[in-house]
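Enquirer: the sequence isn't on hand, but the structure is:
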């Protein structure tokens, strides 16, 4: 007994204890935190636990939103690569009848809360760096749109269980004060509508003499618009060279008519699989604008190895014409925010990863020909021949035709009012969202009605996608222009 007491005393003197590691973890120094934001080209800083006042109001159709600038956290001391989490709560006006948190932009995405919320958590994000700002959106209740009121939110930042700091946002809402941003957006929409009308009139005049001038020649554009047009022309030239070299398909036979024999394969030719990149996006989303610009750069780099498709989900859009209302039909992977990139309808990805995804060998080599019957319908001829040694393992196949449109001018957050929206999904052709049965090495010929939302048929193209009929994975694709 005396020996035990002696050992315990010696260990206590030496400071050795089984509880020591836990004590070190509990007393770990928490890094100090401060915040900053930019407003009207001026930078503002504020300390931990401070309150900032915000008056910016945005109109989204019938809704009014209070919106913070992007707020950036600066961590000093003890900084590591751990992920962080956010906790946002109302400090007053509790209850959705008083409005609520509608959007939280953080970690490279804008996360949407369709039913609004009194509190909201965001897990596993990065908060450091110029690309990782935080923006909060608060929807004003319809019954309170004409009532001046303050709305306060508290945002806390955690690393694990430790709260690193917080700030309070005091939204000072005045229904009689329209912000410059709101006026700009209304002006942008009017300008966009006017340009769309002008473009349609010019197209109708041009149709009489089969003019091939692009709508953008009939309007003044900013330097950004000219740059966008140049990239669009370069891309279109590449796609035309690849996809429309072939002769017109002479077969007018019905659906599934045979061409050559059923064992036909493409031998001794290396063909790469083209990647369909589904970009779930929105106009009034800061990160979406950044993503669109990065996609343009990547498209210029990779050329026709990728086929980008912009799917406007309509959570925060100013122009209803851009929205594809049935986008959830293609929500194979849950979409909680924008932008979200999905490769070949199979997995989420990022712009910087696309270069590593375009080197897979193709299953087929395909050809698509278009016969434009009128402004309301088109006839398509498609054939896909199996590439030598390609393994399809007896998959059941469908052929899906998507129609996308270029040259739609409109506002885009983080870019400007005259952004040219390209590759905008107008919808599938036919009655099925994932196409119709298809057998390899056979000609598929059919006439389809065109979607009603098209602004200018000359700016449209058809993407023919070979689809796994059971998993809906996109196996390969080819593009043809109208």
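Expert: That came in fine, so what should we check first? Because the structure is a prediction, the values reported are computed rather than measured.
Enquirer: what's the next secondary structure element after the least confident helix or strand in the chain by mean pLDDT?
Expert: Every helix and strand of the chain was ranked by mean pLDDT, DSSP states H and E. The lowest is helix 20-26, at a mean of 33. Once the chain leaves helix 20-26, the next helix or strand it forms, by DSSP states H and E, is strand 32-39.
Enquirer: that following strand pairs with which strands, parallel or anti?
Expert: Pairing partners of strand 32-39, with direction, according to DSSP bridges: strand 42-47 (antiparallel), strand 71-76 (antiparallel).
Enquirer: what residues of it count as buried?
Expert: 33, 34, 35, 37 (16 or more other Cβ atoms under 10 Å). C-beta coordinates here come from the backbone N, C-alpha and C atoms, glycine included.
Enquirer: what residues does the last one make contact with?
Expert: In other words, residue 37. 43, 44, 52, 68, 69, 70, 71, 72, 133 (Cβ atoms under 8 Å, 6 or more residues apart in numbering).
Enquirer: list only those of these flagged as buried.
Expert: Buried among those (16+ other Cβ under 10 Å): 52, 68, 69, 70, 71, 72, 133.
Enquirer: quick one on the thing from earlier: among the contacts of residue 37, which one sits closest to residue 173?
Expert: residue 68 (13.0 Å; Cβ to Cβ).
Enquirer: output the below-cut-off pLDDT ranges for the stretch 201-350 of the chain.
Expert: Residues of the stretch 201-350 of the chain meeting the criterion pLDDT under 70: 201-270.
Enquirer: which stretches of the protein form helices?
Expert: Here the chain has its helices, by DSSP state H, at 2-14, 20-26, 180-207, 223-243, 286-302.
Enquirer: can you tell me what sits against the last one?
Expert: Residues from elsewhere that reach helix 286-302, judged by Cβ under 8 Å, 6+ apart: 70, 105, 108-110, 131, 133, 135, 228, 231, 234-235, 277, 279, 281-282, 306, 308, 310, 338-339, 341, 351, 354-355, 358, 412-415, 419.
Enquirer: if we use 6 Å, what do you get?
Expert: Residues outside helix 286-302 that contact it (Cβ atoms under 6 Å, 6 or more residues apart in numbering): 105, 108-110, 231, 281-282, 308, 338-339, 351, 354, 358, 412-415.
Enquirer: take the buried ones among the contacts of residue 37 and keep only those in strands.
Expert: Under the assignment DSSP state E, those contribute 52, 71, 72 to strands.
Enquirer: with distance to residue 468 and pLDDT added, can I get these in CSV?
Expert: Listed next are those as CSV, based on distance: Cβ to Cβ, whole Å; pLDDT from 0 to 100:
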residue, distance to residue 468, pLDDT
52, 51, 96
71, 44, 95
72, 43, 93
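Enquirer: could I get the residues you listed as CSV with distance to residue 425?
Expert: Output for these, formatted as CSV (distance: Cβ to Cβ, whole Å):
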residue, distance to residue 425
52, 39
71, 33
72, 33
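Enquirer: for residue 64, state which of those is nearest.
Expert: Closest to residue 64, out of all of these and judged by Cβ to Cβ, is residue 52, at 19.9 Å.
Enquirer: that closest one and residue 144: what is the separation?
Expert: 22 Å (Cβ to Cβ, to the nearest Å).
Enquirer: do the same with residue 65
Expert: Taking Cβ to Cβ, one finds residue 65 at 13 Å from residue 144.
Enquirer: the two: who's more crowded?
Expert: residue 65 (21 against 17; other Cβ atoms under 10 Å).
Enquirer: for that one, report the pLDDT, please.
Expert: Note for residue 65: predicted pLDDT of 90.
Enquirer: so where's the stretch 51-200 of the chain uncertain?
Expert: 61, 77-82, 178-200.
Enquirer: let's see it at 90
Expert: Across the stretch 51-200 of the chain, residues meeting the criterion (pLDDT under 90) sit at 56-64, 74-83, 107-108, 114-115, 125-132, 159-160, 175-200.
Enquirer: for it, which segments count as strands?
Expert: Secondary structure of the stretch 51-200 of the chain (DSSP state E, counting those that start in this stretch): strands located at 51-54, 57-60, 63-67, 71-76, 84-90, 100-106, 109-117, 119-125, 135-139, 149-159, 162-173.
Enquirer: how distant is the first one from the center of its chain?
Expert: Taking Cα atoms, centre = their mean, to the nearest Å, one finds the center of strand 51-54 at 30 Å from the center of the full chain.
Enquirer: and if you look at the last one?
Expert: In this view, strand 162-173 has its centroid 28 Å away from the chain centroid, taken as Cα atoms, centre = their mean.
Enquirer: who are the packing partners of it?
Expert: Packing partners of strand 162-173 (3 or more Cβ pairs under 6 Å, 6 or more residues apart in numbering; DSSP states H and E): strand 32-39, strand 51-54, strand 149-159.
Enquirer: give me the angle between the first one and strand 135-139.
Expert: This points to strand 32-39. Angle of strand 32-39 versus strand 135-139, following axes from the mean of the first three to the mean of the last three Cα atoms, to 10 degrees, is 70 degrees.
Enquirer: settle this for me: residue 346 is touching residue 474, isn't it.
Expert: No: between residue 346 and residue 474 there is no contact under Cβ atoms under 6 Å: 7.2 Å.
Enquirer: look at the two and report which has more neighbours.
Expert: residue 474 (24 against 17).
Enquirer: which residue is the nearest non-sequential neighbour of residue 395?
Expert: residue 468 (5.3 Å; Cβ to Cβ, 6 or more residues apart in numbering).
Enquirer: and for the one you found, the neighbour number?
Expert: 18.
Enquirer: what does stretch 95-109 contact?
Expert: Here stretch 95-109 has contacts from 88, 110-113, 116-118, 120, 122, 125-126, 134-135, 137, 139-141, 286-287, 337, using Cβ under 6 Å, 6+ apart.
Enquirer: err, stretch 399-409, not the other one
Expert: 192, 195, 215, 309, 382, 418, 420-426, 428-429, 434-435, 438, 444, 451, 459-465, 467.
Enquirer: ChimeraX command for the buried members of these?
Expert: Command for ChimeraX that selects the buried part of those, burial taken from 16+ other Cβ under 10 Å:
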select :192,195,215,309,382,418,420,421,422,423,424,425,426,428,429,434,435,438,444,459,460,461,462,463,464,465,467
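Enquirer: one step back: mind putting the buried ones among the contacts of residue 37 into JSON lines with distance to residue 371?
Expert: Shown next, in JSON lines, are the buried ones among the contacts of residue 37 (distance: Cβ to Cβ, whole Å):
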{"residue": "52", "distance to residue 371": "60"}
{"residue": "68", "distance to residue 371": "52"}
{"residue": "69", "distance to residue 371": "52"}
{"residue": "70", "distance to residue 371": "49"}
{"residue": "71", "distance to residue 371": "54"}
{"residue": "72", "distance to residue 371": "54"}
{"residue": "133", "distance to residue 371": "49"}
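Enquirer: and which of those is nearest to residue 163?
Expert: For those, the nearest to residue 163 is residue 71 (16.7 Å; Cβ to Cβ).
Enquirer: do you know how far that closest one is from residue 136?
Expert: Distance from residue 71 to residue 136, by Cβ to Cβ: 8 Å.
Enquirer: what of residue 437?
Expert: 48 Å.
Enquirer: between the two, which is the more surrounded one?
Expert: Between residue 437 and residue 136, residue 136 has the larger neighbour count (other Cβ under 10 Å), namely 25 against 13.
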